[in-house]
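> Sharing a model that was predicted from the sequence below.
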Amino acid sequence: MPVINFLKPETKANLQRVLKEHEHPDIWERALIFLLLNDGNTQAQVAQTIGCSLRKVAYWSVHGDPDNIESFQDERMKGNYRKATPEYIEKLLEVVEKEPQEYGYELGRWTTARLATYLAEVTGISLSSTQVMRILKSKKYCYLWAKYSLEDKQDPKKREAFKQKLEGYLKISKESPDQLQVWFWDESGFGLQVIRRKVITRKGRRRQVRGDKRKGRVNVMGGIRFSDKKRLVDFLPVGNGENFYSVLRDCLKSLKWSQSTPSASPSAESSRDR
């Protein structure tokens, strides 16, 4: 016969509190098993009431300790990367923000498998690539395409001066669009043999990587007018300065200016975020 009220009053109160406040549903279920058994229900009745197997009720009736809530936890609740210490996670976040070349690797990008291998050598903690990815996801990292950047080839002072100059042009183009047109131009290309790889980065931010590869490209050039968003697009046989200037010259010839200002000479400013 089932034993009624075998739990101590304080133990019963603690299980009832766990049932209300604990965040894990499996802990709720195991606490409820003991509360129902305490009311005089058989294991079969408990299994039928909460909708689980009789085997589960019998297992936790033996292995669970109602006076120790931690005994209700199984191995899955301890986490898939429980071997990762705070020092390991700190080192992982430090390494993933830097290029592999800084650590002596001839690698283009970090992958979770490469990160796991390197950190195993440094920390002595061996994790799978899947576990490393789970740690990164918990720290708001994801796997996105990198953004190619050539800002290291620019003069910061000239770039800042151009930005200030451009702000003045934009203001004039809004006030007098018949006298000044501001066009934004850029060119891009489709690499026929370039392999673009994703990189690991924090959510909401795109990493910048070098984009020097130029072999086997089909180049295209386009511009958009600031005032009315008019667009022009043209293909280039070779992406060089001569062809770039040729497209700009053809664009100037095709522009229509207001007849109210015949003395105004067409002008176009090109902005290339290169």
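Arrived safely.

> in the chain, which spans are helices?
Ranges of helices in the chain, per DSSP state H, are 9-21, 25-38, 43-50, 54-63, 86-96, 112-123, 129-138, 156-175, 241-254.

> Can you pull out the residues in contact with the first one?
Contact partners of helix 9-21, identified using C-beta atoms under 8 Å, 6 or more residues apart in numbering, comprise 7, 27-28, 31-32, 34-35, 38, 66-67, 69. Glycine gets a C-beta too; all of them are placed from N, C-alpha and C.

> Provide a ChimeraX selection command restricted to the buried entries of those residues.
Selecting only the buried entries of the contacts of helix 9-21 in ChimeraX, with 16 or more other C-beta atoms under 10 Å as the criterion:
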select :7,27,28,31,32,34,35,38,66,69
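
> residues near the closest residue to C52 other than its chain neighbours, how many?
Nearest residue to C52 in three dimensions, chain neighbours excluded: E29, at 6.9 Å (C-beta to C-beta, 6 or more residues apart in numbering). Around E29 sit 17 other residues, with neighbours defined as other C-beta atoms under 10 Å.

> now for stretch 103-113, what's the gap between its first and last residues?
One end of stretch 103-113 to the other measures 15 Å (C-alpha to C-alpha, to the nearest Å).

> Report the mean confidence score over that stretch.
Mean pLDDT, stretch 103-113: 84.

> distance between it and the chain's centre?
Offset of stretch 103-113 from its chain centre (C-alpha atoms, centre = their mean, to the nearest Å): 18 Å.

> Name the residues of it that come out as buried.
110-112.

> can you check stretch 145-162 too?
Buried-residue list, stretch 145-162, by 16+ other C-beta under 10 Å: 146, 149.

> same thing with stretch 37-46?
37-38, 41, 43, 45-46.

> Check stretch 47-63 too.
Neighbour counts over stretch 47-63 (16+ other C-beta under 10 Å) mark 47, 56-57, 60 as buried.

> repeat for stretch 229-246
232, 236, 239, 243-244.

> ditto for stretch 171-179
Buried residues in stretch 171-179 (16+ other C-beta under 10 Å): 173, 179.

> how about a markdown table for the helices of the chain, with distance to D74 added?
A markdown table is the format used below for the helices of the chain (distance: least, C-beta to C-beta, whole Å):
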| stretch | distance to D74 |
| --- | --- |
| helix 9-21 | 16 |
| helix 25-38 | 7 |
| helix 43-50 | 17 |
| helix 54-63 | 9 |
| helix 86-96 | 24 |
| helix 112-123 | 26 |
| helix 129-138 | 18 |
| helix 156-175 | 57 |
| helix 241-254 | 65 |
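
> Compare the ones you listed and say which comes out lowest on pLDDT.
Sorting these by mean pLDDT places helix 241-254 lowest, at a mean of 81.

> Break the protein into its domains for me.
Residue ranges for the domains of the chain, per automatic domain parsing: 9-78, 86-139, 155-193+216-254.

> can you redo the ones you listed as TSV with distance to R205?
Below are the domains of the chain laid out as TSV (distance: least, C-beta to C-beta, whole Å):
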stretch	distance to R205
domain 9-78	30
domain 86-139	11
domain 155-193+216-254	21
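
> what's the closest of those domains to V199?
Between V199 and these, the tightest spacing by C-beta to C-beta is seen for domain 86-139, at 5.0 Å.

> distance between the closest one and the chain's centre?
Here domain 86-139 shows a centroid-to-chain-centroid distance of 16 Å under the convention C-alpha atoms, centre = their mean.

> So for that domain, first residue to last residue, what's the gap.
End-to-end distance of domain 86-139 (C-alpha to C-alpha): 12 Å.

> For the closest residue to L93 other than its chain neighbours, give me its contacts.
Setting aside the residues directly before and after it, L93 is nearest to K139 in space (C-beta to C-beta, 6+ apart), at 6.3 Å. Residues counted as contacts of K139 (C-beta under 8 Å, 6+ apart) are 89, 93, 202.

> What pLDDT is listed against K139?
If you check K139, the pLDDT there is 89.

> Look up phi and psi at it.
As for K139, its main-chain torsions (degrees, to the nearest 10) stand at phi -100, psi 20.
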